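S.K.: need a 3D model of the following:
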Amino acid sequence: MCYKVPEFQSLVLTGWNIAATGTAMFRVVKKLKLLKSDLKELNRGLFSDIERNADVAYNLLVDCQLSLQQDKTNKDLMDKERYLRQSYYLMAAAKEDFLRHKANSEWAKDGDTNSAMFHQVIRQRHVHNKVLQIEDKNGILCKEPDEVLQAFVDYYEELMGTNGHTTLVLEHIIRQGPLVHDTDWDGLCRIPTEQEIRGILFSIPEDKSPGPDGYTSGFFKASWDIIKGDICEAVQNFFVNENKLLRVFTRQIASIRVHEANKTKYDRGRVFW
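M.R.: I've put the predicted structure just below:
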């Protein structure tokens, strides 16, 4: 919420100029960690009890506008109305963001301050993320919750939890199917440009839930001109130093085959129903 106030840019600029040593990713994590307490304090000072403050800002604006109607040439009232209008717009936007993030939280279903729309979105998410039925390894369709759960457990136990003999996979058999060429692998492992990193980051909606560090994409968008150098270096450094691991990972992803004909099976990390 504090991303839209003038104090935000100067606060980030001061915090980001703190000297940090180590790898590029370590420097980014350290700066974000040190900056978090200052951002919390700014957010607490400006937006604590945001719902009540938004209502107060609205009432002050209405009172000022009524007074201005009685004295339309009063310059002081004009300036005051302009200031109160900007303040109300800021508070109203912060209130909307607060309710949106609250609706994304698991405990929102127990709150009574959200609108019916937010509760409907929460119910839709629960339905969308629920696996109602799935075929087990024997091709039997499981519909009961316990049976669905056991189908997943059996699949992973057979995949990773046994010590049985592994049949050698013959390369000539693999090559009979669709393949990902070396040029495609090189493209997946290519070091991204600043424009590509920015494009991916800015494609993330600001109302998505924050990451483990508590930062949403809104922070990175609002402070991009300040932090882009360190962020891009950290991302590009991963592609340089972890290139070997990344190639193995991309080969594993590329080997996933989707069963288009029967979309009720669990196959290599994908659920279809």
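S.K.: roughly how far apart are Phe98 and Thr23?
M.R.: Phe98 sits 36 Å away from Thr23 when distances are taken as Cβ to Cβ, to the nearest Å. Any C-beta I mention is one placed from the backbone N, CA and C, and that applies to glycine too.
S.K.: got it, and Asp230?
M.R.: Looking at Asp230 against Thr23, where the rule is Cβ to Cβ, the gap reads 11 Å.
S.K.: so between the two, which is more surrounded?
M.R.: Set side by side, Asp230 and Thr23 give different neighbour counts by other Cβ atoms under 10 Å, the larger being at Asp230 (17 against 13).
S.K.: gap between the host helix or strand of Lys40 and the chain center?
M.R.: Under DSSP states H and E, the secondary-structure element containing Lys40 is helix 24-47. Here the centre of mass of C-alpha atoms in helix 24-47, compared against the chain's by Cα atoms, centre = their mean, to the nearest Å, lies 17 Å away.
S.K.: what lies in contact with that helix?
M.R.: With Cβ atoms under 8 Å, 6 or more residues apart in numbering as the test, helix 24-47 has contacts from 1-2, 5, 7-8, 11-12, 15-16, 18, 20-22, 53, 91, 94, 98, 213-215, 219, 227, 230-231, 233-234, 237-238.
S.K.: tell me the angle the longest helix along the chain makes with helix 24-47.
M.R.: Longest among the helix segments of the chain by residue count, using DSSP state H, is helix 75-103. Taking axes from the mean of the first three to the mean of the last three Cα atoms, to 10 degrees, one finds that helix 75-103 is oriented at 120 degrees with respect to helix 24-47.
S.K.: what's the mean pLDDT across stretch 36-46?
M.R.: Predicted confidence along stretch 36-46 averages 80 (mean pLDDT).
S.K.: from here on, count from 54
M.R.: With 54 as the first residue, the last one maps to stretch 89-99.
S.K.: now do the same end-to-end measure for stretch 233-248.
M.R.: Here the two ends of stretch 233-248 are set 26 Å apart, with distance taken as Cα to Cα, to the nearest Å.
S.K.: chain center to it: distance?
M.R.: So, by Cα atoms, centre = their mean, the centroid of stretch 233-248 is 24 Å from its chain's centroid.
S.K.: now stretch 62-76
M.R.: Here stretch 62-76 is found 23 Å from its chain centre; the criterion is Cα atoms, centre = their mean.
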